[in-house]
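**Q** only geometry, no sequence info:
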């Protein structure tokens, strides 16, 4: 997953911790959320990251 470093940073900014591996920068590890609220927080953070990523790719295409 080539965008792993960007996802790591984006989720970290929202307080969602992931583990990255220096030897394998394309790999991330995440724990499972413990409550419904934590799942919703993760979903929101991933949706925001995906939207920013889509917006950035549209700018590059132009």
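**A** Looks like it arrived, so ask away. Predicted model only: the values in this text are computed from it and were never measured.
**Q** am I right that residue 16 is in a helix?
**A** No - assignment of residue 16 by DSSP: H, G, I helix; E, B strand; the rest coil gives coil, placing it outside any helix.
**Q** Three-state assignment for the closest residue to it other than its chain neighbours, please.
**A** Distances taken as CB to CB, 6 or more residues apart in numbering place residue 45 nearest to residue 16, at 5.4 Å, with adjacent residues excluded. The way it works is simple: take the backbone N, C-alpha and C, and place the C-beta from them, glycine included. Classification of residue 45 using three-state DSSP returns helix.
**Q** surely residue 29 meets residue 18?
**A** Yes - using CB atoms under 8 Å, residue 29 is in contact with residue 18, at 6.6 Å.
**Q** of the two, which one has the most company?
**A** Set residue 29 next to residue 18 and count neighbours by other CB atoms under 10 Å: residue 18 wins out with 15 against 9.
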